[in-house]
Structures are given as C-alpha cells and as structure tokens.
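K.L.:
sequence plus the predicted model coming up.
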2 protein chains.
Amino acid sequence: MKKAVILISGGLDSTTVLEIAREQGYTLYALSFNYGQRHAVELDCVKKILSKHPVQDHKTVHIDLRGFGGSALTADIEVPKSTVYNSKSSKIPVTYVPARNTIFLSFALGYAETIEAKNIFLGIHSLDYSNYPDCRPEYLNAFEKLANLATALGVNEGGIKIHAPLLYMTKSEIIREGLRLGIDYSITNSCYDPSMDGKACGKCDACHLRMNGFKELHLNDPSPYQK
Amino acid sequence: MKKAVILISGGLDSTTVLEIAREQGYTLYALSFNYGQRHAVELDCVKKILSKHPVQDHKTVHIDLRGFGGSALTADIEVPKSTVYNSKSSKIPVTYVPARNTIFLSFALGYAETIEAKNIFLGIHSLDYSNYPDCRPEYLNAFEKLANLATALGVNEGGIKIHAPLLYMTKSEIIREGLRLGIDYSITNSCYDPSMDGKACGKCDACHLRMNGFKELHLNDPSPYQK
C-alpha cells in the first residue's frame, strides 16, 4: 500500500492533484491549513470536495500567519485587481505569503512521517504562475533533499518524494486533466478575494488564470462569480 | 543594522544562543512556539528570560502538532527516564518530534522575510545530542539552501544564513559560554517532563545532559529539580 499526503486548498489545482494521486494508486491522506487567509471560504470548499472525493484521513492544521503580516492574502494589503494577468512580470506579487509553501510542506512532512508515507503531493506549477519563488522546480528539489535529511523516515529508509504533477502544465492542461478524471470544478474556489458566500471576484490574478484556462478549452467555468 | 530571528524555547541552549547573537551585534527578534508540548512550562521560562534579556520584538506562534502524534513530547507516549544518557545509541529516540525543527525553521524564515532579517539563529547541537536527524550539520546546510530558494528575500538578495553557534559544542562548553555572557541559568528549563510548577524531573535525557554539563564544570545547576 503506497501512502501519500496531499496538500488540499479547496482550489482547482489541488483537487486535480488529489485525483491524479488516486489514479496512480496511492492511499490518500489530505492536509489543509487554516492560516488566517482572506479566502477562508477555501476550507468550506475542502469539505465539499472531500465529500465527493473521499480520502483515508483528513487533517486541518490551524496556524496564524497573520501575526507576521507581509502579504495581501493575510494582512491588510489590498488584493490587486489587474485586468490582464502578466505572466512575464519578474516582480514577486503582493499576494506572495512569506515562506508559505515551506511551512505547508514542513507540516506535510511531519504528517507523512507519523503515518509512514513517503510521498507528498502538492499542486504548484511554474509555467503560468505569478513568480512565487516557492513554486519553482529548484525549490522543490531543495525541499526533497531536506526532507530526506530532516526525518527519521528519510534517514533510516530514504526515498521521500515530493510530487508536483502540475509543475509544467498550463491552467488549461490542468483543467483538461481534471475533467478526464471526473472532477466537478463548480465546487472548487481559486479566488484570492471571494465574497462571504463564496463567489469569486473575477478580477484577481487567480481568477484571471482560471477563467483563461476554461476559455482556452472553449468551456464555461462552472464556479459562481460575483455579479 | 543586522537583524536576526532567534528561536527561543526557554531552555539553556537557546538562551545562550540569544546572548551569543547579541554579542555579535545583531538586533534580536525572538520567536517561540506553543505546539502542545508536554513541557509548556517552557513558555513561562521564555517570558522570564526575555524580561532579563530584552529583545526588539517577540512572537509566539500557536500550532498544534498533537494532531499528528508520533512523539513522546506531544503524544501519550511515556518520556523515557533513563539513568544513563547514551550518546552512542544510533536509535532515534521517542522524544523526537516529526519534522519539528523543519516546521520551526520554516516559521522563522517567514518571520525573517517579513522583517527583512537575513539571519536565523537556533540552538541545535550535534555532538552530544540524542541522534535527532534534524540536529545535524548536513540538515542545517540543506535548510540554508532551501531558504535562499524559497523566499523573495533569498531570491532577490541572497545571503540568508542559518546560524547554529552551539553545533560543535558540548553541554559544558555551552554553559561556560553562557556564564561568560552573564546568563542566570536558574530561570531556564531543559526538562522534557517538568512538574506543573516548573521543576525538572532530573531523570530524562535532557536533564541528564544538563546535569552532566554543570558537573563537568564542578558547578551546581541553579535550576529547581523535583524532590
């Protein structure tokens, strides 16, 4: 039995990763975070998703990144409403949360070690994302090396793997893969700044990426948008 | 002005590191964790220590590692009361907390990035410690590499350093250094399993290490022990 820990955010990407890992034969252990994010509606999506896409176990870790501030997703900085998503920008956006993926992967590693899972899946991708330093292949490789040095599991047995199956996929390729795997994307949320009732803003970078992905496939995004 | 984030546990080691970093001219930002540890009396010690050894700012992050279990320090596994500390054992002890230092360093990295500090200090040492995989030099080097790939600060400017000044010191060398720096060790707690009123058990590995350290210097440990 191959066990895998899957980081689940309630978004389109991580839901797709969940079904990719299932198709690869892993027993699934989902991990999500309540980190004081603006878009806590994510966590309601996680519940809906896991009721349709069941896993062996699911844990939610409560941590408070707001104490640090420093990001539009966790502090009182306005989420930018760009009308065009600029994939060529080299600037790191204000929605970047300091060390977020490192913190998330560290918890995933702790969870993986306690259940003796050697596989961790996460939905980062490097092609059309917003220049987040912790969404790049070299970052991922460095974390995998660290994981095998950091843990009793890694030191005694080796072979801990960090899987990012979406790493080189565009948003439309991810959506096509998810549809093939039978995912109902209407229950996922990708928006950085959704309304209290869970409707996407349609204006932030994450919304633009998602809408363009569906558009490229000549499909309607089934998730609810404001007005 | 050189800024440094210092991981502070309330123990002998991290208190010594705090004063080492101060002597090296850093402006100090302390970070501690409430992680459901058995020895939460640590956090009272942190307060006492910081009132005698002031810092620029201090943050406590609340996280719940008990949900994962897997360690005598956070789960219902008995803390071993060995009478002899065995530094030759290659077995990883039950007091090892899965991925703990990785989780702690990840938060330190997030904190460091928000205040633009390029230096993180922690009190791990590899010589006479209990075979924790995440207390070894190779682990530390891997984390430093990761830190410079993981963050906007690291990618844009480089030079993030993880400092472990105690790495090659024995307990008695650490104590001698701390006494030179004027530390009052009576307010620090090193015990894995202290009583509710903060008295050390005198029996766990951490107590043995500490008591032997003072003994080698022909000094009495000023901190309170049970009975």
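P.N.:
Yes, it's here. Numbering: from 1, shown residues only, chains lettered A, B, ... in the order given.
K.L.:
rounded mean pLDDT for stretch A:178-193, please.
P.N.:
Regarding stretch A:178-193, the rounded mean pLDDT is 92.
K.L.:
give the buried residues for the longest helix seen in chain A.
P.N.:
The longest helix of chain A (DSSP state H) is helix A:100-115. Of all the residues in helix A:100-115, those buried under the rule 16 or more other CB atoms under 10 Å in any protein chain shown are A:100-115. For every residue, glycine as well, the C-beta is placed using N, CA and C.
K.L.:
same check on stretch A:201-216?
P.N.:
For stretch A:201-216, the neighbour count (16+ other CB under 10 Å) marks A:201-214 as buried.
K.L.:
please save the CA atoms from the longest helix of chain A in PDB.
P.N.:
Extracted in PDB, the C-alpha atoms of helix A:100-115 (Å, rounded to 0.1, in the frame of the first residue of the first chain):
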ATOM      1  CA  ARG A 100       4.100  29.700   2.900                       C
ATOM      2  CA  ASN A 101       4.900  26.600   0.900                       C
ATOM      3  CA  THR A 102       7.900  25.900   3.100                       C
ATOM      4  CA  ILE A 103       5.700  26.000   6.200                       C
ATOM      5  CA  PHE A 104       3.000  23.900   4.500                       C
ATOM      6  CA  LEU A 105       5.500  21.300   3.200                       C
ATOM      7  CA  SER A 106       7.100  21.100   6.600                       C
ATOM      8  CA  PHE A 107       3.800  20.200   8.200                       C
ATOM      9  CA  ALA A 108       3.100  17.700   5.400                       C
ATOM     10  CA  LEU A 109       6.500  16.200   6.200                       C
ATOM     11  CA  GLY A 110       5.600  15.800   9.800                       C
ATOM     12  CA  TYR A 111       2.300  14.200   9.000                       C
ATOM     13  CA  ALA A 112       3.900  11.900   6.400                       C
ATOM     14  CA  GLU A 113       6.500  10.800   9.000                       C
ATOM     15  CA  THR A 114       3.800   9.900  11.600                       C
ATOM     16  CA  ILE A 115       1.800   7.800   9.100                       C
END
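K.L.:
so how far is it off the chain centroid?
P.N.:
Between the centre of helix A:100-115 and the centre of its chain there are 14 Å (CA atoms, centre = their mean, to the nearest Å).
K.L.:
and whatever helix or strand comes next after it, what other elements does it pack with?
P.N.:
Scanning forward in sequence from helix A:100-115 by DSSP states H and E, the next helix or strand is strand A:119-121. Packing partners of strand A:119-121 (3 or more CB pairs under 8 Å, 6 or more residues apart in numbering or on different chains; DSSP states H and E): strand A:2-7, helix A:12-23, helix A:100-115, strand A:161-163.
K.L.:
save these as a markdown table, and put in distance to A:Leu181 and mean pLDDT too.
P.N.:
Below are the helices and strands packed on strand A:119-121 laid out as a markdown table (distance: least, CB to CB, whole Å; pLDDT from 0 to 100):
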| stretch | distance to A:Leu181 | mean pLDDT |
| --- | --- | --- |
| strand A:2-7 | 14 | 97 |
| helix A:12-23 | 4 | 97 |
| helix A:100-115 | 22 | 90 |
| strand A:161-163 | 15 | 97 |
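K.L.:
among the ones you listed, which is nearest chain B?
P.N.:
Evaluated over the helices and strands packed on strand A:119-121, closeness to chain B peaks at helix A:100-115, with 3.6 Å, by CB to the nearest CB.
K.L.:
now do the closest one against strand A:2-7, angle only.
P.N.:
Per axes from the mean of the first three to the mean of the last three CA atoms, to 10 degrees, the angle that helix A:100-115 makes with strand A:2-7 is 150 degrees.
K.L.:
do helix A:100-115 and chain B meet?
P.N.:
Yes: interface with chain B: helix A:100-115 contributes A:100-103, A:105-107, A:109-111, A:113-114 (CB under 8 Å from any CB of the partner chain).
K.L.:
so which helix or strand takes in the nearest residue to A:Ser9 once chain neighbours are set aside?
P.N.:
For A:Ser9, ignoring the flanking residues on the chain, the nearest one in space by CB to CB, 6 or more residues apart in numbering or on different chains is A:Glu42 at 5.6 Å. According to DSSP H and E, A:Glu42 maps onto helix A:41-52.
K.L.:
how about that helix: buried residues?
P.N.:
Under 16+ other CB under 10 Å, the buried positions of helix A:41-52 are A:41-43, A:45-46, A:48-50.
K.L.:
if we can go back for a sec, which one of the residues of helix A:100-115 next to chain B is nearest to A:Ile124?
P.N.:
Closest approach between the residues of helix A:100-115 next to chain B and A:Ile124, by CB to CB: A:Asn101, at 6.8 Å.
K.L.:
and the closest residue to the closest one other than its chain neighbours, how far is that from A:Thr170?
P.N.:
The shortest distance from A:Asn101 to any non-neighbouring residue, by CB to CB, 6+ apart, is to A:Asp134 (3.8 Å). According to CB to CB, to the nearest Å, A:Asp134 stands 20 Å off from A:Thr170.
K.L.:
these two - which one has more neighbours?
P.N.:
A:Asp134 (26 against 17; other CB atoms under 10 Å in any protein chain shown).
K.L.:
what's the burial count for A:Lys171?
P.N.:
Neighbour number of A:Lys171 under other CB under 10 Å is 26.
K.L.:
can you tell me the SS state at the residue sitting furthest away from the middle of chain A?
P.N.:
The C-alpha centroid of chain A is most remote from A:Asn156, which lies 29.4 Å away (CA atoms, centre = their mean). Assigned with DSSP: H, G, I helix; E, B strand; the rest coil, A:Asn156 falls in the helix class.
K.L.:
so how far is A:Tyr29 from it?
P.N.:
From A:Asn156 across to A:Tyr29, the span is 20 Å (CB to CB).
K.L.:
re earlier: what score does the residue farthest from the centre of chain A have for pLDDT?
P.N.:
87.
K.L.:
do the one 3 residues further on as well
P.N.:
Here the pLDDT value assigned to A:Gly159 is 92.
K.L.:
any idea how far stretch A:138-158 is from the middle of the chain?
P.N.:
Distance, centroid of stretch A:138-158 to centroid of chain: 21 Å (CA atoms, centre = their mean).
K.L.:
hmm, who's touching that stretch?
P.N.:
With contact meaning CB atoms under 8 Å, 6 or more residues apart in numbering or on different chains, stretch A:138-158 is reached by A:101-102, A:105, A:109, A:112-113, A:116, A:118, A:120, A:124, A:133, A:159-162, A:164, A:167, B:92, B:96, B:98-99, B:101-102, B:133-134, B:136, B:138-139, B:142-143, B:145-146, B:149-150.
K.L.:
which positions within that stretch qualify as buried?
P.N.:
A:139-140, A:142-155.
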